[in-house]
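Chemist: Using only what follows, build the 3D model:
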Amino acid sequence: MKLQLAGWLLSAGLLGTAWIAPEPANPFVLVSEAARVGPVGSVNYLLPLLELRRQRPAYLQGAQVGTYWQALATFAAMASELDSVAYYWRQQPGYAAPAPVAAPATALPLAAATILAQTKARQLVLFNEEHTQPRGRWLVGSLLPALYQQGFRYLALEALEAADSAGLRQRGYPVAASGFYTNEPHFGNLIRQARQLGFHVIAYDAFSEDRECDQARNLLAATLGPHPQARVVVLAGHGHINENSTAQTMATWVHKLSGIDPLTIEQTHAAAGGPASWATLKPGAYLVPPASLPGRSLTCDLYVLNKLALAGAGNGFGNPAARPTRLVIPPDSLRPPQVLLVYYQREKQAQAGAVPVAVHCLRPRETSVHLPLLPGTYVAELRTAPGLRCWQKTFSVL
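Modeler: Next up is the predicted model:
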(Lines give C-alpha, C1' and ligand atoms only; values in the text may rest on other atoms or scores of the structure.)
Protein backbone atom coordinates (compact mmCIF):
# COMPACT_ATOMS: atom_id res chain seq x y z
CA MET A 1 0.00 0.00 0.00
CA LYS A 2 2.87 2.39 0.77
CA LEU A 3 4.11 1.88 -2.79
CA GLN A 4 0.68 2.61 -4.25
CA LEU A 5 0.20 5.71 -2.14
CA ALA A 6 3.64 6.94 -3.06
CA GLY A 7 2.61 6.50 -6.69
CA TRP A 8 -0.37 8.75 -6.10
CA LEU A 9 1.78 11.32 -4.32
CA LEU A 10 4.17 11.31 -7.26
CA SER A 11 1.31 11.92 -9.71
CA ALA A 12 0.16 14.80 -7.50
CA GLY A 13 3.65 16.32 -7.61
CA LEU A 14 4.42 15.56 -3.96
CA LEU A 15 7.35 13.22 -4.65
CA GLY A 16 10.24 14.06 -6.90
CA THR A 17 11.90 10.67 -7.46
CA ALA A 18 11.20 8.28 -10.31
CA TRP A 19 8.57 5.64 -9.66
CA ILE A 20 7.31 2.48 -11.34
CA ALA A 21 3.81 1.51 -10.18
CA PRO A 22 3.47 -2.12 -9.05
CA GLU A 23 0.69 -4.45 -10.14
CA PRO A 24 -2.54 -3.28 -8.47
CA ALA A 25 -3.88 -5.16 -5.49
CA ASN A 26 -7.49 -6.14 -4.99
CA PRO A 27 -9.15 -2.71 -5.29
CA PHE A 28 -11.07 -3.06 -2.03
CA VAL A 29 -7.85 -3.93 -0.19
CA LEU A 30 -6.14 -0.96 -1.80
CA VAL A 31 -8.80 1.53 -0.81
CA SER A 32 -9.37 0.10 2.66
CA GLU A 33 -5.76 1.00 3.43
CA ALA A 34 -5.98 4.35 1.67
CA ALA A 35 -9.06 5.16 3.75
CA ARG A 36 -6.88 5.06 6.89
CA VAL A 37 -4.39 7.66 5.66
CA GLY A 38 -4.69 10.79 7.78
CA PRO A 39 -5.67 11.43 11.41
CA VAL A 40 -5.65 8.25 13.49
CA GLY A 41 -9.05 6.65 13.77
CA SER A 42 -10.73 8.75 11.10
CA VAL A 43 -11.77 7.86 7.54
CA ASN A 44 -10.17 9.40 4.46
CA TYR A 45 -13.01 9.88 1.98
CA LEU A 46 -11.01 11.39 -0.87
CA LEU A 47 -7.78 9.44 -1.27
CA PRO A 48 -9.39 6.03 -2.01
CA LEU A 49 -11.39 7.53 -4.86
CA LEU A 50 -8.40 9.36 -6.32
CA GLU A 51 -6.19 6.30 -6.02
CA LEU A 52 -8.71 4.07 -7.79
CA ARG A 53 -9.12 6.60 -10.60
CA ARG A 54 -5.35 6.95 -10.94
CA GLN A 55 -4.91 3.20 -11.36
CA ARG A 56 -7.75 2.73 -13.83
CA PRO A 57 -5.53 1.73 -16.80
CA ALA A 58 -3.93 -1.10 -14.83
CA TYR A 59 -7.26 -2.48 -13.63
CA LEU A 60 -8.96 -2.29 -17.01
CA GLN A 61 -6.29 -4.59 -18.43
CA GLY A 62 -6.50 -7.15 -15.64
CA ALA A 63 -8.77 -9.85 -14.27
CA GLN A 64 -10.20 -7.62 -11.54
CA VAL A 65 -12.01 -5.19 -13.82
CA GLY A 66 -15.47 -6.01 -12.41
CA THR A 67 -14.30 -5.67 -8.83
CA TYR A 68 -12.60 -2.43 -9.78
CA TRP A 69 -15.79 -0.80 -11.06
CA GLN A 70 -17.69 -2.02 -8.01
CA ALA A 71 -15.06 -0.49 -5.71
CA LEU A 72 -15.20 2.79 -7.61
CA ALA A 73 -18.99 2.92 -7.24
CA THR A 74 -18.75 2.11 -3.55
CA PHE A 75 -16.20 4.79 -2.71
CA ALA A 76 -17.84 7.38 -4.96
CA ALA A 77 -20.96 6.88 -2.81
CA MET A 78 -18.89 7.20 0.37
CA ALA A 79 -17.55 10.53 -0.90
CA SER A 80 -21.04 11.71 -1.96
CA GLU A 81 -20.03 11.71 -5.64
CA LEU A 82 -23.44 10.31 -6.46
CA ASP A 83 -23.50 11.38 -10.11
CA SER A 84 -20.62 8.96 -10.70
CA VAL A 85 -22.02 5.95 -8.83
CA ALA A 86 -24.51 4.75 -11.45
CA TYR A 87 -22.00 5.22 -14.26
CA TYR A 88 -19.35 3.13 -12.50
CA TRP A 89 -21.83 0.38 -11.65
CA ARG A 90 -22.92 0.07 -15.29
CA GLN A 91 -19.32 -0.45 -16.44
CA GLN A 92 -19.06 -3.90 -14.83
CA PRO A 93 -18.61 -6.70 -17.39
CA GLY A 94 -21.88 -8.42 -18.12
CA TYR A 95 -24.02 -5.63 -16.75
CA ALA A 96 -27.25 -5.25 -18.68
CA ALA A 97 -30.22 -3.18 -17.62
CA PRO A 98 -33.62 -4.86 -18.05
CA ALA A 99 -35.13 -4.31 -21.46
CA PRO A 100 -37.61 -1.44 -21.59
CA VAL A 101 -41.29 -2.41 -21.72
CA ALA A 102 -44.44 -0.47 -22.55
CA ALA A 103 -45.05 2.50 -20.29
CA PRO A 104 -47.71 1.96 -17.62
CA ALA A 105 -51.11 3.45 -18.39
CA THR A 106 -51.28 5.45 -15.18
CA ALA A 107 -48.82 7.59 -13.27
CA LEU A 108 -46.82 5.88 -10.55
CA PRO A 109 -47.97 6.55 -6.97
CA LEU A 110 -45.51 7.77 -4.38
CA ALA A 111 -44.28 4.86 -2.29
CA ALA A 112 -44.28 6.26 1.26
CA ALA A 113 -48.06 6.28 1.83
CA THR A 114 -48.51 2.71 0.59
CA ILE A 115 -45.56 1.44 2.59
CA LEU A 116 -46.83 3.01 5.81
CA ALA A 117 -50.37 1.78 5.19
CA GLN A 118 -49.05 -1.79 5.00
CA THR A 119 -46.55 -1.58 7.86
CA LYS A 120 -49.35 -0.76 10.32
CA ALA A 121 -50.37 -4.39 10.56
CA ARG A 122 -46.95 -6.05 10.22
CA GLN A 123 -44.42 -7.12 12.81
CA LEU A 124 -41.37 -7.53 10.56
CA VAL A 125 -40.59 -5.12 7.71
CA LEU A 126 -37.60 -5.87 5.48
CA PHE A 127 -36.15 -3.29 3.09
CA ASN A 128 -33.26 -4.00 0.76
CA GLU A 129 -30.76 -1.59 -0.75
CA GLU A 130 -27.93 -1.28 -3.22
CA HIS A 131 -24.85 -0.97 -1.03
CA THR A 132 -23.38 1.52 -3.49
CA GLN A 133 -26.45 3.77 -3.47
CA PRO A 134 -27.43 5.70 -0.31
CA ARG A 135 -30.93 6.46 -1.61
CA GLY A 136 -32.24 3.15 -0.21
CA ARG A 137 -31.12 3.93 3.33
CA TRP A 138 -32.33 7.52 2.89
CA LEU A 139 -35.87 6.30 2.17
CA VAL A 140 -35.78 4.19 5.33
CA GLY A 141 -34.55 7.21 7.29
CA SER A 142 -37.39 9.36 5.98
CA LEU A 143 -39.93 6.74 7.15
CA LEU A 144 -38.43 6.07 10.58
CA PRO A 145 -40.41 8.72 12.54
CA ALA A 146 -43.72 7.35 11.22
CA LEU A 147 -42.61 3.75 11.83
CA TYR A 148 -41.72 4.64 15.41
CA GLN A 149 -45.20 6.12 15.85
CA GLN A 150 -46.62 2.82 14.58
CA GLY A 151 -44.82 0.97 17.37
CA PHE A 152 -41.62 -0.24 15.73
CA ARG A 153 -38.73 -0.22 18.19
CA TYR A 154 -35.92 -2.18 16.50
CA LEU A 155 -33.80 -1.22 13.50
CA ALA A 156 -31.68 -4.17 12.35
CA LEU A 157 -28.79 -3.34 10.00
CA GLU A 158 -26.85 -5.88 8.00
CA ALA A 159 -24.01 -3.37 7.60
CA LEU A 160 -23.46 -2.86 11.32
CA GLU A 161 -20.54 -4.55 13.09
CA ALA A 162 -21.68 -6.57 16.09
CA ALA A 163 -18.42 -5.72 17.88
CA ASP A 164 -19.49 -2.08 18.12
CA SER A 165 -23.06 -2.71 19.29
CA ALA A 166 -22.36 -1.86 22.94
CA GLY A 167 -20.32 1.22 22.02
CA LEU A 168 -23.04 2.45 19.68
CA ARG A 169 -25.68 2.11 22.39
CA GLN A 170 -23.57 4.25 24.71
CA ARG A 171 -22.53 6.90 22.16
CA GLY A 172 -25.69 7.16 20.10
CA TYR A 173 -23.77 7.72 16.86
CA PRO A 174 -21.51 5.65 14.55
CA VAL A 175 -17.73 5.77 14.28
CA ALA A 176 -15.35 4.33 11.71
CA ALA A 177 -15.31 0.98 13.52
CA SER A 178 -19.12 0.66 13.42
CA GLY A 179 -18.98 -0.93 9.98
CA PHE A 180 -17.85 -0.41 6.40
CA TYR A 181 -20.95 0.94 4.64
CA THR A 182 -21.99 2.80 7.81
CA ASN A 183 -19.18 5.27 7.10
CA GLU A 184 -21.29 6.65 4.26
CA PRO A 185 -22.81 9.89 5.66
CA HIS A 186 -26.47 9.07 5.00
CA PHE A 187 -26.01 5.67 6.65
CA GLY A 188 -24.45 7.38 9.64
CA ASN A 189 -27.37 9.82 9.77
CA LEU A 190 -29.82 6.91 9.60
CA ILE A 191 -28.22 5.40 12.71
CA ARG A 192 -28.23 8.76 14.52
CA GLN A 193 -31.87 9.36 13.77
CA ALA A 194 -32.85 5.86 14.86
CA ARG A 195 -31.10 6.27 18.22
CA GLN A 196 -32.55 9.76 18.75
CA LEU A 197 -36.07 8.46 18.08
CA GLY A 198 -35.61 5.61 20.55
CA PHE A 199 -34.94 2.62 18.29
CA HIS A 200 -32.73 -0.24 19.43
CA VAL A 201 -30.16 -0.49 16.63
CA ILE A 202 -28.85 -4.03 16.26
CA ALA A 203 -26.37 -5.95 14.12
CA TYR A 204 -27.33 -9.34 12.73
CA ASP A 205 -24.97 -10.25 9.89
CA ALA A 206 -23.22 -13.60 9.85
CA PHE A 207 -20.04 -14.68 8.08
CA SER A 208 -20.56 -18.42 8.06
CA GLU A 209 -21.13 -21.12 5.49
CA ASP A 210 -24.86 -20.88 6.15
CA ARG A 211 -24.96 -17.11 6.16
CA GLU A 212 -28.65 -16.67 5.26
CA CYS A 213 -29.92 -18.95 8.01
CA ASP A 214 -27.50 -17.55 10.56
CA GLN A 215 -28.50 -14.00 9.68
CA ALA A 216 -32.12 -14.92 10.41
CA ARG A 217 -31.18 -16.62 13.69
CA ASN A 218 -29.14 -13.60 14.80
CA LEU A 219 -31.95 -11.22 13.86
CA LEU A 220 -34.61 -13.13 15.76
CA ALA A 221 -32.38 -13.77 18.78
CA ALA A 222 -31.78 -10.04 19.20
CA THR A 223 -35.40 -8.97 18.74
CA LEU A 224 -38.27 -11.45 18.99
CA GLY A 225 -36.27 -13.72 21.27
CA PRO A 226 -36.32 -11.40 24.29
CA HIS A 227 -39.44 -9.51 23.12
CA PRO A 228 -41.87 -11.78 21.19
CA GLN A 229 -44.19 -8.87 20.34
CA ALA A 230 -41.38 -6.61 19.13
CA ARG A 231 -41.84 -4.83 15.83
CA VAL A 232 -38.71 -4.74 13.70
CA VAL A 233 -37.45 -2.78 10.68
CA VAL A 234 -34.61 -4.43 8.76
CA LEU A 235 -32.25 -2.97 6.14
CA ALA A 236 -30.48 -5.70 4.18
CA GLY A 237 -28.52 -5.95 0.97
CA HIS A 238 -30.02 -6.98 -2.37
CA GLY A 239 -31.29 -10.59 -2.43
CA HIS A 240 -31.40 -11.29 1.30
CA ILE A 241 -35.08 -10.26 1.35
CA ASN A 242 -36.09 -12.54 -1.54
CA GLU A 243 -39.24 -14.47 -0.60
CA ASN A 244 -39.20 -16.94 -3.49
CA SER A 245 -40.42 -20.25 -2.07
CA THR A 246 -37.40 -22.10 -3.47
CA ALA A 247 -34.86 -19.59 -2.16
CA GLN A 248 -32.95 -20.17 1.06
CA THR A 249 -32.58 -16.51 1.98
CA MET A 250 -32.57 -14.58 5.22
CA ALA A 251 -36.20 -13.59 4.58
CA THR A 252 -37.41 -17.15 3.99
CA TRP A 253 -35.52 -18.36 7.05
CA VAL A 254 -37.09 -15.60 9.16
CA HIS A 255 -40.52 -16.84 8.03
CA LYS A 256 -39.66 -20.49 8.76
CA LEU A 257 -38.11 -19.87 12.17
CA SER A 258 -40.62 -17.31 13.48
CA GLY A 259 -43.81 -18.23 11.67
CA ILE A 260 -44.17 -14.54 10.78
CA ASP A 261 -44.55 -13.48 7.16
CA PRO A 262 -42.41 -10.34 6.76
CA LEU A 263 -43.35 -7.39 4.59
CA THR A 264 -40.56 -7.17 2.01
CA ILE A 265 -39.82 -3.95 0.13
CA GLU A 266 -37.50 -4.15 -2.89
CA GLN A 267 -35.54 -1.05 -4.00
CA THR A 268 -32.93 -2.29 -6.48
CA HIS A 269 -34.56 -3.68 -9.64
CA ALA A 270 -36.66 -0.72 -10.75
CA ALA A 271 -33.76 1.70 -10.45
CA ALA A 272 -31.73 -0.40 -12.92
CA GLY A 273 -34.25 -0.27 -15.74
CA GLY A 274 -37.88 -0.20 -16.81
CA PRO A 275 -40.18 1.81 -19.04
CA ALA A 276 -38.55 4.72 -20.78
CA SER A 277 -41.20 7.03 -19.33
CA TRP A 278 -39.74 6.51 -15.85
CA ALA A 279 -36.75 8.62 -16.81
CA THR A 280 -39.00 11.69 -16.91
CA LEU A 281 -40.32 11.24 -13.38
CA LYS A 282 -39.35 13.86 -10.84
CA PRO A 283 -36.95 12.79 -8.07
CA GLY A 284 -38.80 10.68 -5.52
CA ALA A 285 -39.66 7.13 -4.48
CA TYR A 286 -42.49 5.50 -6.44
CA LEU A 287 -44.40 2.25 -6.13
CA VAL A 288 -44.22 0.15 -9.30
CA PRO A 289 -46.33 -2.86 -10.36
CA PRO A 290 -44.39 -6.15 -10.53
CA ALA A 291 -45.51 -6.61 -14.15
CA SER A 292 -43.40 -3.59 -15.12
CA LEU A 293 -40.25 -5.49 -14.03
CA PRO A 294 -40.28 -8.65 -16.18
CA GLY A 295 -36.59 -9.32 -15.53
CA ARG A 296 -36.83 -9.22 -11.75
CA SER A 297 -35.08 -12.01 -9.89
CA LEU A 298 -36.48 -11.26 -6.44
CA THR A 299 -39.95 -12.08 -5.12
CA CYS A 300 -41.10 -9.35 -2.73
CA ASP A 301 -44.31 -7.71 -1.56
CA LEU A 302 -43.63 -4.19 -2.79
CA TYR A 303 -41.32 -2.84 -5.50
CA VAL A 304 -40.03 0.71 -5.24
CA LEU A 305 -38.50 2.85 -7.97
CA ASN A 306 -36.14 4.94 -5.87
CA LYS A 307 -35.18 8.09 -7.78
CA LEU A 308 -34.38 10.21 -4.74
CA ALA A 309 -31.85 12.93 -5.53
CA LEU A 310 -29.47 13.23 -2.60
CA ALA A 311 -26.87 15.70 -3.82
CA GLY A 312 -26.72 18.34 -1.11
CA ALA A 313 -29.41 16.54 0.90
CA GLY A 314 -27.84 17.25 4.30
CA ASN A 315 -28.74 15.25 7.39
CA GLY A 316 -32.47 15.83 7.85
CA PHE A 317 -34.10 13.10 5.69
CA GLY A 318 -36.48 15.76 4.42
CA ASN A 319 -37.29 17.04 7.91
CA PRO A 320 -38.59 20.62 7.57
CA ALA A 321 -36.60 21.54 10.69
CA ALA A 322 -33.40 21.33 8.60
CA ARG A 323 -32.15 24.82 7.74
CA PRO A 324 -30.45 25.85 4.47
CA THR A 325 -26.82 26.43 5.45
CA ARG A 326 -24.04 28.00 3.38
CA LEU A 327 -20.42 27.32 4.21
CA VAL A 328 -17.97 29.79 2.67
CA ILE A 329 -14.38 28.59 2.29
CA PRO A 330 -11.58 31.18 2.21
CA PRO A 331 -9.83 31.11 -1.17
CA ASP A 332 -6.41 30.99 0.49
CA SER A 333 -7.37 27.62 2.04
CA LEU A 334 -7.90 25.96 -1.34
CA ARG A 335 -5.30 23.33 -2.23
CA PRO A 336 -7.12 20.96 -4.61
CA PRO A 337 -8.07 18.17 -4.56
CA GLN A 338 -9.89 18.60 -1.23
CA VAL A 339 -12.90 17.29 0.64
CA LEU A 340 -15.23 19.14 3.00
CA LEU A 341 -16.33 17.16 6.07
CA VAL A 342 -19.11 18.32 8.40
CA TYR A 343 -19.41 16.80 11.89
CA TYR A 344 -21.50 17.34 14.97
CA GLN A 345 -19.13 19.20 17.28
CA ARG A 346 -19.78 17.03 20.35
CA GLU A 347 -19.16 13.84 18.35
CA LYS A 348 -15.96 15.14 16.79
CA GLN A 349 -14.61 16.24 20.16
CA ALA A 350 -15.42 12.88 21.75
CA GLN A 351 -14.32 10.53 18.94
CA ALA A 352 -11.75 11.14 16.19
CA GLY A 353 -13.49 8.49 14.11
CA ALA A 354 -17.02 9.93 14.30
CA VAL A 355 -18.83 9.55 10.99
CA PRO A 356 -19.45 12.98 9.39
CA VAL A 357 -23.02 14.11 8.77
CA ALA A 358 -22.02 15.34 5.29
CA VAL A 359 -19.14 14.89 2.85
CA HIS A 360 -18.54 17.05 -0.20
CA CYS A 361 -15.65 16.77 -2.66
CA LEU A 362 -14.82 20.29 -3.80
CA ARG A 363 -15.03 21.06 -7.48
CA PRO A 364 -12.45 23.32 -9.17
CA ARG A 365 -12.66 26.89 -7.82
CA GLU A 366 -15.65 26.03 -5.60
CA THR A 367 -15.62 28.24 -2.51
CA SER A 368 -19.07 27.69 -0.99
CA VAL A 369 -21.19 24.65 -0.20
CA HIS A 370 -24.94 24.63 0.51
CA LEU A 371 -26.45 21.99 2.81
CA PRO A 372 -29.73 21.67 4.73
CA LEU A 373 -28.72 20.85 8.32
CA LEU A 374 -30.72 20.09 11.42
CA PRO A 375 -30.36 22.50 14.36
CA GLY A 376 -27.14 21.90 16.27
CA THR A 377 -23.50 22.87 16.60
CA TYR A 378 -21.17 21.60 13.89
CA VAL A 379 -17.53 21.56 12.88
CA ALA A 380 -16.59 21.85 9.20
CA GLU A 381 -13.13 20.71 8.07
CA LEU A 382 -11.43 21.03 4.72
CA ARG A 383 -8.84 18.29 4.12
CA THR A 384 -6.42 17.36 1.36
CA ALA A 385 -6.15 13.86 -0.09
CA PRO A 386 -3.39 12.84 2.39
CA GLY A 387 -5.69 13.98 5.21
CA LEU A 388 -4.08 17.33 6.08
CA ARG A 389 -6.48 19.92 7.47
CA CYS A 390 -6.43 23.25 5.60
CA TRP A 391 -9.39 24.98 7.21
CA GLN A 392 -11.83 24.49 10.08
CA LYS A 393 -14.92 26.31 11.28
CA THR A 394 -17.33 25.78 14.17
CA PHE A 395 -20.85 27.01 13.48
CA SER A 396 -24.38 26.64 14.80
CA VAL A 397 -27.64 26.01 12.98
CA LEU A 398 -30.59 27.46 14.90
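
Chemist: which sections of the stretch 51-200 of the chain are below the confidence cut-off?
Modeler: Scanning the stretch 51-200 of the chain for pLDDT under 70 picks out the ranges 96-106.

Chemist: how about the strands in it?
Modeler: Using DSSP state E, counting those that start in this stretch, the strands of the stretch 51-200 of the chain run over 124-129, 154-157, 200-203.

Chemist: which ones are touching the residue nearest the centre of the chain?
Modeler: In the chain, the centroid-proximal residue (Cα atoms, centre = their mean) is residue 134; its distance is 3.8 Å. Applying Cβ atoms under 8 Å, 6 or more residues apart in numbering, one finds that residue 134 lies in contact with 77, 82, 184, 185, 186, 187, 310. Every C-beta, even on glycine, is put in place using the N, C-alpha and C of the backbone.

Chemist: Buried ones among those?
Modeler: Buried members of those, counted by 16 or more other Cβ atoms under 10 Å: 77, 82, 184, 185, 186, 187, 310.

Chemist: could I get these as JSON lines with distance to residue 352?
Modeler: Putting the buried ones among the contacts of residue 134 into JSON lines (distance: Cβ to Cβ, whole Å) gives the following:
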{"residue": "77", "distance to residue 352": "23"}
{"residue": "82", "distance to residue 352": "26"}
{"residue": "184", "distance to residue 352": "18"}
{"residue": "185", "distance to residue 352": "17"}
{"residue": "186", "distance to residue 352": "21"}
{"residue": "187", "distance to residue 352": "19"}
{"residue": "310", "distance to residue 352": "26"}
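
Chemist: which one among those gets closest to residue 389?
Modeler: Of all the buried ones among the contacts of residue 134, residue 389 sits closest to residue 185, with 18.4 Å by Cβ to Cβ.

Chemist: who touches that closest one in this structure?
Modeler: Taking Cβ under 8 Å, 6+ apart, we find residue 185 in contact with 80, 134, 315, 355, 356, 357, 358, 359.

Chemist: redo that, cut-off 7 Å
Modeler: Contact analysis of residue 185 by Cβ atoms under 7 Å, 6 or more residues apart in numbering lists 80, 355, 356, 357, 358, 359.

Chemist: Now, the residues you listed that are in strands?
Modeler: With strands taken from DSSP state E, the overlap with the contacts of residue 185 comprises 358, 359.

Chemist: and which of the contacts of residue 185 is nearest residue 335?
Modeler: Among the contacts of residue 185, and counting by Cβ to Cβ, the member closest to residue 335 is residue 359, at 17.6 Å.

Chemist: partners of the closest one in the sheet?
Modeler: Under DSSP bridges, the beta-bridge partners of residue 359 are residue 341.

Chemist: burial of it, as a residue count?
Modeler: With neighbours defined by other Cβ atoms under 10 Å, the count for residue 359 comes to 22.

Chemist: just to revisit the earlier point, which two in the contacts of residue 134 are spaced the farthest apart?
Modeler: Of all the pairs that these form, the one spanning the most space (Cβ to Cβ) is 82 and 187, at 13.5 Å.
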